Each structure stands twice: as structure tokens, then as C-alpha cells.
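Asker: A predicted structure for the sequence below; I have some questions about it.
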Amino acid sequence: YLSRPVARGPFSVPACLPDANLATRLLRPGEQGLVSGWGSTGFLRRSSRFLRKVLLPVADQMNCINSTEHVITDNMFCAGYLMEEMDACTGDSGGPFVVNYRGTWFLAGVVSWGERCAAEGKYGVYTRLGNYLPWIREEMMKEESGRSRNKSTTEAP
């Protein structure tokens, strides 16, 4: 939990959760996603002092699987460029992969892992958020339910 709400502005806007159909659509090969974080600016470099962002295309799932010797499951997807030095890096894990759909930003993935950073012939690997939507919504309902219960028992009449 945050100690205070984030002030919304031109550089801080919420990302929405998609429904299952939109979650699939957002991760079609070629769709562009924005990744942001304070991770390293290159392999074995220090973390960034500034929040950085990079726009990365979603890769075809078979190309993703064929680009690595590691296991790529249906809970994962790849994004990035095979020949350009743009990628998420160490310290960005857990950060957002958001896609702008009709003027609204949607959370489509979570930075997971990669082989080095922006390594030639390698993509970044992300968690496919859509596969976890039922669990996320269930957890959100628990939180809302708990908050309602706490309010009713702690507030004066």
C-alpha cells in the first residue's frame, strides 16, 4: 500500500485492467507496449536515477520460443527487438508493460526476465497478465470486502 495517493498528472496516469478478450488483443504480435522503470541502463550497469521508458513491439510467440533455450510457457510473452539496443533490464522486473488502446492505457504484462539486456537475438520476457485476471479480480474483491468490513467496525455511528 502507498502511504498517500499518487497525484495524477500528465506523467502519472493509472493503467486499467483489461477484460480477457482485450488482454489477448493487446498482445498480438507487433502491438507496441510501453515499459517503464528505474532499472539498469545496460547489462552490468547501475540502476537509473531517473524513471525511464521504452516502447517495444510484442513478438510472435513461436519466434519468442525459438529465440531462447529457456522454457517459454503460455503465461509468458516476448517483446523487444532482436537487433536494437532497447529493452528492460536488471531492476525493471515487476514493472508494467502497458498498451494504449483507443486512448486508454491498459496493463497487459509485467517485466519478468531476459538474457542479459538488449542482447542481440534475444527478447525480453514478460508475464502475460491476462492469464491471471481471475486471480487479480478475486484478490481485489477480497481487499474491497476487507476494507468495507473494517470501515463498518471502526467508524463511529
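Answerer: Looks like it arrived, so ask away. Residues are numbered from 1 along each chain as shown.

Asker: what comes into contact with the longest strand anywhere in the chain?
Answerer: The longest strand of the chain (DSSP state E) is strand 104-114. Residues outside strand 104-114 that contact it (C-beta atoms under 8 Å, 6 or more residues apart in numbering) are 13-18, 22-23, 26-27, 33-35, 37, 76-77, 79-80, 87-89, 92-100, 122-130. For the C-beta atoms, the positions are set from N, CA and C on the backbone; glycine is no exception.

Asker: Give the buried residues for it.
Answerer: 106, 107, 108, 109, 110, 111, 112, 114 (16 or more other C-beta atoms under 10 Å).

Asker: Likewise for stretch 29-48?
Answerer: Under 16+ other C-beta under 10 Å, the buried positions of stretch 29-48 are 31, 33, 34, 35, 36, 37, 39, 40, 41.

Asker: nearest to residue 69, of the buried residues of strand 104-114?
Answerer: The closest of these to residue 69 turns out to be residue 114 (C-beta to C-beta; 13.4 Å).

Asker: Mean confidence (pLDDT) on the longest strand of the chain, please.
Answerer: In this model, strand 104-114 carries a mean pLDDT of 97.

Asker: With just CA atoms, put that strand into CSV.
Answerer: Extracted as CSV, the C-alpha positions of strand 104-114 are listed here (Å, rounded to 0.1, in the frame of the first residue of the first chain):
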residue,chain,number,x,y,z
THR,A,104,-6.6,4.4,-22.6
TRP,A,105,-3.5,2.7,-21.1
PHE,A,106,-4.1,-0.9,-20.2
LEU,A,107,-1.8,-3.2,-18.2
ALA,A,108,-1.0,-6.1,-20.4
GLY,A,109,2.1,-7.6,-18.9
VAL,A,110,4.7,-7.5,-16.2
VAL,A,111,8.5,-7.3,-16.7
SER,A,112,9.8,-10.8,-15.8
TRP,A,113,13.3,-11.7,-17.2
GLY,A,114,15.7,-11.6,-20.1
